[in-house]
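**Q** any chance you can model this:
(2 chains)
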Amino acid sequence: MKHIKTVNAETLNKTVKKGGCGECQTSCQSACKTSCTVGNQVCEQKK
Amino acid sequence: MVHQYKNNGLNIVLDVNSGAVHEFDEKSYDVLAYVKTKNEENHDFTVSELEGLYKDSFFEDSENKEILDELVELTKTGLLFAPDVHKGLLEQVKERKTIVKALCLHIAHDCNLACKYCFAEEGEYHGRRALMSFEVGKKALDFLVANSGTRRNLEVDFFGGEPLMNWDVVKQLVAYGRSLEEPHDKHFRFTLTTNGVLLNDEIMEFVNQEMDNVVLSLDGRKEVNDQMRPFRNGSGSYELIVPKFKKLADSRNQEKYYIRGTFTRNNLDFGEDILHFADLGFKQMSMEPVVGDESDPYAIREEDLPVIMEEYDRLARLMLDRERVGEDFNFFHFMIDLEGGPCLSKRLSGCGSGTEYLAVTPWGDFYPCHQFVGQEEFLMGNVDAGITRTDIADEFRGCNVYTKTDCQSCFAKYYCSGGCMANAYNFQNDLNGTYKIGCEMQRKRVECAIMMKVAKKI
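**A** The predicted model follows:
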């Protein structure tokens, strides 16, 4: 494309296939404790 | 839903429902903005609706038409104006049997610092000073194992107050947890949140051997830290703590820890505190906005937001500059994994408080999370009786990005998952509410995080 560069084409829908195992870290156990940082967490299956 | 914004000279477009990220040139950025005005209700389009715009005189211009071609192409591939198809998954997530996978153990309701913003009120949580006994902690770990279903990785955070004030019990509980692993096919991930006052070589050695993560509380520059994190006699804590934290971070190879600060309206230039961490040699850092009653003199006010927004932008640019010269570091709140990251199930179910994550008081009571401890209406049960108020768990399980009205039109909803339940309750007296100042800051952090990814990729 001439005007638009796609930086990330991995769609959230694709994560459904691998997702839901629940083995990942709970967000407040990392470094927040006073907000909510789910988007910062790492998928356990990617480790 | 499409969110477009400019940051650091980049024209960034986030397609909210697909998670796709694009960088537009100036002309296409303006064309997209124009297109969105053609559906004033929700600014969304199907492919055929977009194609219908070719009749618009605006697209008689050949370059505008060329850009619309590109928008149509992206929409056809599901990377722009993607519909929200996630709600169906939410039903599956809600129907799943709830298991508990993480406990925040309040190992000590006591503290050797007197931080002015402490939501635990110097460790006491609206209650009495108390240390958790090994027996109570043991029952909590037994409860966790018994209620964790097939989940193998279990998390236990030693929290307080200051957990090092009850260090022997921490060590005993780690040993007990390890003894449960093989017979139950579980793996404990222990973490520790500490102010560092009592850290010594023996504790550091144990921490490095047993703790998956340590959160080290420090607010930044000496004058900033010492203003809010004094000892009970009023003297500052920086000089005592910083050498210990540096030693511990180095001994963990600068991994698996966070140096974690809190910023207040006293240091809206908190980027300087994060850079101070970096200059001290730390590589993993977090800096949370203080959460306090608006009557607190240090609380973040709405009028502070423009300065805070600019500070996040400045910090993001500075981090990119430092990375270019090999002085990179991680800032927790700008961490985002666009290609992977948490799955949709996780993003829809939120932080898990009150369901898969519980806080345990020194005497064994369960609360939905550490921030609810001491609010008796949220007392859910205890280590002897288990969860007796399943209605509270159900209430928490029922809250998500779709039940929160304010989240519907927010581009950041799949990154914060509806935000902090405690903040929602404390500011709006409603678990389905939101903490608007917190939301504004969260949105800016997501924008900065995405900008940094884009800047590094193009």
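**Q** next up, phi/psi of the residue most central in space within chain A, please.
**A** Centroid check for chain A by Cα atoms, centre = their mean gives A:Gly39 as the closest residue, at 5.2 Å. With angles defined as degrees, to the nearest 10, A:Gly39 sits at phi -60, psi -20.
**Q** hmm, B:Leu338 and it touching each other?
**A** No: the criterion here is Cβ atoms under 8 Å, and A:Gly39 misses it with B:Leu338 at 10.0 Å. Glycine gets a C-beta too; all of them are placed from N, C-alpha and C.
**Q** re earlier: who are the contact partners of the nearest residue to the residue nearest to the centre of chain A once chain neighbours are set aside?
**A** In this structure, A:Gly39 finds its nearest non-sequential neighbour in B:Tyr415, 3.2 Å apart by Cβ to Cβ, 6 or more residues apart in numbering or on different chains. Contacts for B:Tyr415 (Cβ atoms under 8 Å, 6 or more residues apart in numbering or on different chains) come out as A:Val38, A:Gly39, B:Ile336, B:Arg347, B:Gln442, B:Val446.
**Q** now do the SS call for the fifth one.
**A** Translated: B:Gln442. With DSSP: H, G, I helix; E, B strand; the rest coil as the basis, B:Gln442 sits in helix.
**Q** gap between it and B:Arg252?
**A** The gap separating B:Gln442 from B:Arg252 is 29 Å, by Cβ to Cβ, to the nearest Å.
**Q** nearest to B:Lys101 among the contacts of B:Tyr415?
**A** Distance ranking of the contacts of B:Tyr415 against B:Lys101, using Cβ to Cβ, places A:Val38 first at 14.4 Å.
**Q** ok, the closest one - how many residues close by?
**A** 25 (other Cβ atoms under 10 Å in any protein chain shown).
**Q** surely it touches B:Ser353?
**A** No: if you go by Cβ under 8 Å, A:Val38 and B:Ser353 don't touch, sitting 11.4 Å apart.
**Q** any figure for the gap between B:Gly341 and A:Thr37?
**A** Distance from B:Gly341 to A:Thr37, by Cβ to Cβ: 11 Å.
**Q** below-threshold pLDDT in chain B: ranges please.
**A** Counting by pLDDT under 70, chain B contains no low-confidence range.
**Q** next, count neighbours for B:His109.
**A** 28.
**Q** ok, which stretches of chain A are strands?
**A** A:4-8 (DSSP state E).
**Q** picking up where we left off before, which of B:Gln442 and B:Arg252 has more neighbours?
**A** B:Gln442 (25 against 17).
**Q** what residues does the stretch 351-458 of chain B have near chain A?
**A** B:351-353, B:356-357, B:369-371, B:414-423, B:438, B:442, B:446, B:453-454, B:457-458 (Cβ under 8 Å from any Cβ of the partner chain).
**Q** so how do I select the buried members of those residues in PyMOL?
**A** Those of these that count as buried under 16 or more other Cβ atoms under 10 Å in any protein chain shown are selected in PyMOL with:
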select buried, chain B and resi 351+352+353+356+357+369+370+371+414+415+416+417+418+419+420+421+422+423+438+442+446+453+454
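**Q** in helices only, show me the residues of the stretch 351-458 of chain B next to chain A.
**A** Counting by DSSP state H, the part of these found in helices is B:Tyr414, B:Tyr415, B:Cys416, B:Met421, B:Ala422, B:Asn423, B:Gly438, B:Gln442, B:Val446, B:Lys453, B:Val454, B:Lys457.
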